[in-house]
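Asker: Provided below are the primary sequence and the corresponding predicted coordinates.
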Amino acid sequence: MDNGAHLRVSDCGTHHVDDDGRPAYARRFVRVFGFYEGRAAVAARDGWFHITPEGWEAYEARHAWCGNFQEGRCTVREKDGTYRHIDPRGVPVYPERWRYAGDFSEGFAVVQAGDGHSTHIDAEGKFVHDRRFPDLDVFHKGYARARDGDGWMHIDGSGAPIYERRFQTVEPFYNGQARVERFDGALEVIDETGVATTTLRPPRRSELAALSEDLVGFWRTQTLGAAVRLGVFEALPDSEAAIAERCGLTPEGTQRLLRSLGELAVVTRYMGRWELTARGVLLQKDHHLTLADAALEYAGPFARMWETLPDALRSNSGWKPPDIFADVAKDSERCAGHHRMLRSYARHDYAQVASALDLQGTECVVDAGGGVGVLAQRLVDAYPQIEVTVLDRPEVVAMGEASSPRVHWHGADLFDVWGVRGDAVILARVLHDWDDSDAIRILKQARTALPRGGKVYLVEMLLEEGGLAGGLCDLHLLMATGGRERSLGQYGRLLEEAGFIQSAARRLSSLSSIVEGVAQ
């Protein structure tokens with residue numbers, strides 16, 4: 001606290017007292033907090049606000065919560081759950097509302113947007129830089145701690161990393177040095193170039209053991225795939241003997257498989273019975289987010305695809321990506337399972353997409369490559385007056401028609417004339433299945449389906465420029481479809497080539513972002 005007032009609780013409520021123990025004012029509150037910059041946060045029955053040392057209200061407004069004043073600014077939470085900053089008169093400093101806003105330090109504060117990413121603003125609410133981070137701290141001695149998809153680091157006032165390394169944790173700089181923890185558990189002191197000056201603790205993890213764990217990752221995939229194929233997850237909960245009989249396994253084989261599944265945390269043993277964990281229920285075939293089909297795909301066809309990775313990366317090897325969509329269509333059983341897998345991922349990953357799209361709710365929307373209609377159904381649920389047409393391969397449309405009667409269905413090839421038009425086109429995890437030339441071809445068909453000024457929405461995972469996160473997903477797309485994950489800048493260039501101007505981008509999670517383009 002920055003003055004001599006102290007806190008006191010009485011039967012009538014709480015208040016401040018002076019150094020002699022006398023009440024500083026007559027009024028009582030539900031809660032009171034310390035004075036900072038001549039203002040103290042108090043909670044009354046009608047809400048939170050600030051008072052002066054004399055007990056007078058500093059302003060009339062009421063909030064759901066108040067912080068303390070720092071550098072002439074204070075964080076408050078409004079009744080709708082959003083945060084912003086006010087000045088000592090209680091006047092909002094800027095019109096924006098944030099998912100969270102922190103205290104000011106060295107002239108800047110951290111604010112978090114609805115997509116979970118944070119940035120810095122100045123005392124007037126203006127952006128300090130154009131960088132966004134999953135986690136961020138205030139500036140200290142000119143640098144701020146920040147985390148991207150690869151780990152923690154320090155950034156300068158422009159939001160740029162001051163070195164290339166990433167760490168498990170980092171502390172603020174103190175006289176040119178900072179303590180950091182590496183991913184192997186070692187503690188170091190680094191200078192402002194990221195170079196270690198002192199080792200405080202050796203690694204806690206053996207790099208050989210960690211690498212070996214990565215090398216045997218296929219053990220997990222094949223174990224889960226085998227358990228799904230054998231029907232083990234449908235046989236639980238039960239005893240080992242009952243599971244062995246129901247699944248046609250030997251007693252020893254049952255015991256060894258269940259022990260392995262326990263190590264993978266999908267089953268647990270309790271009082272002589274094996275039961276599913278919260279993770280394990282996702283491998284039951286009738287779960288609404290079932291990954292049983294994913295387990296079979298990854299343990300079977302996808303595993304075989306990856307065997308040719310060296311050829312896919314060599315120059316002049318003659319390798320060509322498989323036509324996975326045609327291959328899946330040839331086998332009706334695999335086709336159904338493959339699209340159940342995609343449906344589960346869509347149900348999980350598209351939860352926020354419908355509300356995050358910049359739609360009025362009365363448009364005609366083409367959900368191109370929309371699969372069995374998970375996103376389309378979310379759209380018609382969110383916007384009762386909207387009209388949505390799912391465009392996909394005929395065999396996919398045949399599977400989806402019965403499940404979403406409020407959605408229109410249209411069988412077509414993404415690369416040929418679509419035969420439908422709309423005010424907006426959604427391409428959700430479509431372009432990442434194709435190389436740049438094919439992605440541009442699809443976008444050009446989308447442009448043909450739209451009027452000038454119409455919008456295209458790309459729902460994709462965005463790679464960080466120069467980052468490492470997403471590298472394995474990118475390789476998987478190469479092996480499965482010949483496609484690739486891309487950065488925001490790369491999608492912007494594709495849009496421009498196809499006749500669009502990138503107009504906005506919103507990150508919803510590490511897996512889903514929305515890139516918006518306007519037809520020119």
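Answerer: Structure's in. What do you need?
Asker: Domain-wise, how is this protein divided?
Answerer: The chain is divided into the following domains under automatic domain parsing: 1-106, 129-205, 216-299, 324-462+471-519.
Asker: highest average neighbour count across those?
Answerer: When neighbours are counted by mean count of other Cβ atoms under 10 Å, the highest per-stretch mean among these falls to domain 324-462+471-519, a mean of 19. Using the backbone N, CA and C atoms, a C-beta is placed for each residue, glycine as well.
Asker: which SS state does Asp327 fall under?
Answerer: Taking DSSP: H, G, I helix; E, B strand; the rest coil as the rule, one finds Asp327 in the helix state.
Asker: Flag the shaky bits of the stretch 301-450 of the chain, pLDDT-wise.
Answerer: Applying pLDDT under 70 to the stretch 301-450 of the chain picks out no residues at all.
Asker: outside of stretch 61-72, which residues touch it?
Answerer: Here stretch 61-72 makes contact (Cβ atoms under 8 Å, 6 or more residues apart in numbering) with 33-34, 36-39, 41-42, 44, 46-50, 74-79, 81, 86-88, 90, 103-105, 107, 123.
Asker: what about the helix or strand that contains Leu494, distance to the chain center?
Answerer: With the criterion set as DSSP states H and E, the secondary-structure element containing Leu494 is helix 488-497. Helix 488-497 has its C-alpha centroid displaced from the chain centroid by 22 Å (Cα atoms, centre = their mean, to the nearest Å).
Asker: swap in stretch 257-272?
Answerer: With Cα atoms, centre = their mean, you get 30 Å for stretch 257-272.
Asker: Adding distance to Ser315, write the domains of the chain out as TSV.
Answerer: Putting those into TSV (distance: least, Cβ to Cβ, whole Å) gives the following:
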stretch	distance to Ser315
domain 1-106	47
domain 129-205	28
domain 216-299	27
domain 324-462+471-519	15
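Asker: So which of the ones you listed is nearest His117?
Answerer: domain 129-205 (4.0 Å; Cβ to Cβ).
Asker: For the stretch 201-350 of the chain, which segments are assigned as strands?
Answerer: 267-270, 273-276 (DSSP state E, counting those that start in this stretch).
Asker: Just put the ones you listed in TSV and tack on distance to Ala398.
Answerer: Output for the strands of the stretch 201-350 of the chain, formatted as TSV (distance: least, Cβ to Cβ, whole Å):
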stretch	distance to Ala398
strand 267-270	36
strand 273-276	33
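Asker: Could you dump those strands into a markdown table and include distance to Ser512 and mean pLDDT?
Answerer: Formatted as a markdown table, the strands of the stretch 201-350 of the chain follow (distance: least, Cβ to Cβ, whole Å; pLDDT from 0 to 100):
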| stretch | distance to Ser512 | mean pLDDT |
| --- | --- | --- |
| strand 267-270 | 30 | 96 |
| strand 273-276 | 28 | 97 |
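Asker: Quick check: which of the ones you listed is nearest to Glu497?
Answerer: Proximity of these to Glu497 was assessed by Cβ to Cβ; the nearest stretch is strand 273-276, lying at 48.5 Å.
Asker: other SSEs contacting that closest one?
Answerer: Using 3 or more Cβ pairs under 8 Å, 6 or more residues apart in numbering; DSSP states H and E as the contact definition, the elements that strand 273-276 packs against are strand 267-270.
Asker: And for the strand it packs on, what's in contact with it?
Answerer: Strand 267-270 is touched from outside by Leu236, Leu258, Leu261, Gly262, Trp274, Glu275, Leu276, Thr277, Gly280, with contacts defined as Cβ under 8 Å, 6+ apart.
Asker: which of those residues lies closest to Leu495?
Answerer: Using Cβ to Cβ, the contacts of strand 267-270 come closest to Leu495 at Gly280, 41.8 Å.
Asker: How confident is the prediction for that closest one, by pLDDT?
Answerer: Model confidence at Gly280, given as pLDDT, is 98.
Asker: Excluding residues flanking it in the chain, which one is nearest it?
Answerer: In space, not counting the residues next to it along the chain, Gly280 is nearest to Val266; the distance is 3.6 Å by Cβ to Cβ, 6 or more residues apart in numbering.
Asker: pLDDT score for the one you found?
Answerer: Val266 is assigned a pLDDT of 98 by the prediction.
Asker: coming back round to it: which of the domains of the chain sits closest to Gln112?
Answerer: With respect to Gln112, and counting by Cβ to Cβ, the nearest of the domains of the chain is domain 1-106 at 4.2 Å.
Asker: Over the closest one, what's the mean pLDDT, rounded is fine.
Answerer: The average pLDDT within domain 1-106 is 91.
Asker: Ok, stretch 210-217 next?
Answerer: Taken as a whole, stretch 210-217 has an average pLDDT of 94.
Asker: Check which element follows whichever strand or helix holds Val397 along the chain.
Answerer: Using DSSP H and E, Val397 falls within helix 394-400. Beyond helix 394-400 in the direction of the C-terminus, DSSP H and E gives the next helix or strand as strand 408-411.
Asker: Strand partners (parallel or antiparallel) of that next one?
Answerer: Based on DSSP bridges, the strands next to strand 408-411 in the sheet, each with its direction, are strand 387-392 (parallel).
Asker: Outside of the partner strand itself, list whatever touches it.
Answerer: Outside strand 387-392, the residues that touch it by Cβ under 8 Å, 6+ apart are 363-371, 373, 376, 379-380, 397, 400, 404, 407-412, 414, 418, 420, 422.
Asker: for the domains of the chain, which one sits closest to Trp306?
Answerer: Of all the domains of the chain, it is domain 324-462+471-519 that lies closest to Trp306, at 5.4 Å by Cβ to Cβ.
Asker: starting at the chain centroid, how far to that closest one?
Answerer: Averaging C-alpha positions (Cα atoms, centre = their mean) puts domain 324-462+471-519 18 Å from its chain's average.
Asker: who touches the longest helix anywhere in the chain?
Answerer: As assigned by DSSP state H, the longest helix anywhere in the chain is helix 332-349. Taking Cβ under 8 Å, 6+ apart as the criterion, the residues outside helix 332-349 that touch it are 288-291, 293-294, 296-297, 301, 328-329, 371-372, 374-375, 395-396, 399, 428, 509, 511-512.
Asker: 7 Å instead, please
Answerer: Judged by Cβ atoms under 7 Å, 6 or more residues apart in numbering, the contacts made with helix 332-349 from elsewhere in the structure are 288-291, 293-294, 296-297, 328-329, 371-372, 374-375, 395-396, 399, 511-512.
Asker: Tell me which of these fall in helices.
Answerer: The subset of the contacts of helix 332-349 that ends up in helices is Asp293, Ala294, Leu296, Glu297, Val328, Ala329, Val374, Leu375, Glu395, Val396, Met399, with DSSP H as the criterion.
Asker: Fine, thanks again, bye for now.
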